[in-house]
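**Student:** Using only what follows, build the 3D model:
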Amino acid sequence: MSTATVDANGINRKRLFVGACIALFPTAFSFALLGGILGQLKTEFILTNASIGMIGGAVLWGMALSLIFVAPFLEKVGLKAAATGAFFSHLIGVSVVLSAYFVAGSPSGYWVLFLGAIVMGVGNGLIEAAGNPMTAALYPERKTVKLNHFHAFFPGGMVVGALLGFAMSQIGDIGFVNLGHWTIHIAVMYIPIIIYGVMLLPMKFPKTETAEAGVPVKEVLLYTLTHPIVLLLIVIKMVTLSLELGPMRWIPDVLENAGMHGMLVFAWLTGLMAVLRLFAAPFVERLAPTGLLFCAAVLTGVGLILFSVFESGMVKLLFAATVFAFGVAFFFPTMVGLMSERFPKAGSVGIVLMIGAGMGVSGTMQGQMGVVADSYMPDALDEQRTVAILERVDEQFPRYLSQAEQASGDVDELAELGYLPADVETVIERNEIALNHYREEGELDGPLTGNALRAVLDSNIPEAAELREEAGAVLRPADNYGGRMAFRWVAPIALIVAAFFAGMFIYDRKRGGYRAVKLERGEAGTGGA
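**Tutor:** Residues are numbered from 1 along each chain as shown. All right, here's what the predicted structure looks like:
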């Protein structure tokens, strides 16, 4: 190791930062690659749609839980312990998911997949817990800029993961190896895990800023949990992360329902986010973090309005994605930078609590957008055609349930059949509720009808292929319309965020401009900002 790259404290700043950036690739891959193989898992493990949804959500739950529970102890255990925990969690999580291959078709297969996804999520959370405060400690004079650089590797990794997954699926078999199989997609994650482990684990890590300044852990916790602006920033982070992750979860689906290339727009959006974060320095220097966050909120709201207006047209949709990307690209890293620069005494606790709370709440926005979308569905549904589909399901699906129940004692026969009794029961139950509501009220209910049609569409029953196609033809335009209306309803929330940061920006201007607060050694007992 060249001594020129090591500072007086024995810290190799460049290697630690690059290693932390690479460590975001497993997180990005766990979203991009895992999301792309859920259909394979459903078929191979004979899982219901609800079970698949639980496995996909487990990654986020593990991430949020690890962030929230590690925050109070991070100052005590240190950044290297968190990075080490991330490495072993990623390594074990991927290995557990892969081990499920040997119990495919068994009831235990679901639990192995679920456990592996949770552990992978813990690794994702721990690398956030280590990487954010470490970046702030490594670059105390350029926190916001370097945090933007650090977080460029998440959307960048998602683009790489999505393209890699697509390429492997298209290539298919090479000799006796099927690159499109889910096990290969998951095994690819070992590559960045091993690389960042080799780069980070042998190295000496810096102390957090509060530890370097000698601020007791108890005082850090008390300051973080009682300072009104720190708490308000944590709440605002919940909103901004929801504005980022909520709509991003829906954008591909809404566009696909309009017959557009939703993933192409998504790839453009995430790729642009990565580039913007890498070149964030001019924006930060010209606007200051508060001004940049104000602009980000305005552009996010405008982008959502554009998505609600543009039903089709690739050029128009790419323009909407560009405006939206210019907004949400700067939310995550710049808010972390603002917390670290203006309230350094909150230390790693403030940063990690901010991210953990944001992750925990962001899923709520996705659910609420779904509620809004469903409420608008009846306005776009062909009533006569929809009712005819529900009545056909009512007639045909009891027969499919009987076939599945007869095969339920034979794993091979069930695998050949391709569906479980529970899958058919779900379709029948949801269809009956939607149809009964229509018969009693004389009108379609958005959520009930949407759930019934989606259950048909996702049933994967070969004999019902024509009915599934008909359900999709009715459902997709309605889902597109409902999704676009959800974007319109969410957009004004960005104005609340814009007003908050406009207030901070104006306050700073009156005081002579934005100033980062430097936490000096021996500041225990003093305020941070």
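
**Student:** Quick check: buried residues in the strand or helix carrying Val145?
**Tutor:** Counting by DSSP states H and E, the secondary-structure element that holds Val145 is helix 143-151. Within helix 143-151, the residues that qualify as buried by neighbour count (16 or more other CB atoms under 10 Å) are 143-151. All C-beta spots, glycine's among them, are computed from the backbone N, C-alpha and C.

**Student:** again, but for stretch 317-332
**Tutor:** Under 16+ other CB under 10 Å, the buried positions of stretch 317-332 are 317, 320-332.

**Student:** Quick check: mean pLDDT of it?
**Tutor:** Along stretch 317-332, the predicted local confidence has a mean pLDDT of 94.

**Student:** How about stretch 269-281?
**Tutor:** For stretch 269-281, the mean pLDDT works out to 95.

**Student:** Likewise for stretch 103-122?
**Tutor:** When the per-residue pLDDT values of stretch 103-122 are averaged, the result is 90.

**Student:** still on that earlier bit, neighbouring contacts of the helix holding Val145?
**Tutor:** If you take CB atoms under 8 Å, 6 or more residues apart in numbering as the criterion, helix 143-151 is touched by 17, 20-21, 24, 131-132, 135-136, 138-139, 277-278, 280-281, 284-285, 289, 330, 332-334, 336-338, 340-341, 516.

**Student:** just to revisit the earlier point, between the buried residues of stretch 317-332, which is nearest Thr210?
**Tutor:** Ranked by distance to Thr210 (CB to CB), the buried residues of stretch 317-332 are led by Phe332 at 21.9 Å.

**Student:** ok so, going back, any idea how far the helix holding Val145 is from the middle of the chain?
**Tutor:** Here helix 143-151 shows a centroid-to-chain-centroid distance of 19 Å under the convention CA atoms, centre = their mean, to the nearest Å.

**Student:** Also stretch 245-265?
**Tutor:** Using CA atoms, centre = their mean, the offset of stretch 245-265 from its chain centre is 14 Å.

**Student:** ok, now stretch 88-106?
**Tutor:** In terms of CA atoms, centre = their mean, the centre of stretch 88-106 is found 21 Å from the chain centre.

**Student:** Check stretch 506-518 too.
**Tutor:** The gap between where stretch 506-518 is centred and where its chain is centred comes out at 33 Å by CA atoms, centre = their mean.

**Student:** Buried residues in it, which are they?
**Tutor:** Burial within stretch 506-518, assessed by neighbour count using 16+ other CB under 10 Å, is assigned to 508, 514, 516.

**Student:** And stretch 71-85, by the same measure?
**Tutor:** Neighbour-count burial for stretch 71-85, counted by 16+ other CB under 10 Å, picks out 71-75, 78-85.

**Student:** Just the helices from the stretch 101-250 of the chain, written as ranges.
**Tutor:** Chain-ordered helices for the stretch 101-250 of the chain, with DSSP state H, counting those that start in this stretch as the definition, fall at 108-138, 143-151, 153-171, 182-187, 190-200, 209-212, 217-226, 228-256.

**Student:** buried residues in the last one?
**Tutor:** Going back to what we said before, that points to helix 228-256. If you call a residue buried by 16+ other CB under 10 Å, then helix 228-256 has these buried ones: 230, 233-234, 236-252, 254-256.

**Student:** Could you identify the helix or strand that succeeds it?
**Tutor:** Scanning forward in sequence from helix 228-256 by DSSP H and E, the next helix or strand is helix 262-278.

**Student:** Okay, buried residues for that next one please.
**Tutor:** Residues 262, 265-274, 276-277 are the ones in helix 262-278 that count as buried (16+ other CB under 10 Å).

**Student:** what's the angle from that helix to helix 228-256?
**Tutor:** Taking axes from the mean of the first three to the mean of the last three CA atoms, to 10 degrees, helix 262-278 and helix 228-256 form an angle of 150 degrees between their directions.

**Student:** what's downstream of helix 262-278, the next helix or strand?
**Tutor:** Following the chain from helix 262-278 toward its C-terminal end, the next helix or strand by DSSP H and E is helix 281-309.

**Student:** I'd like the next helix or strand past that next one.
**Tutor:** Beyond helix 281-309 in the direction of the C-terminus, DSSP H and E gives the next helix or strand as helix 314-328.
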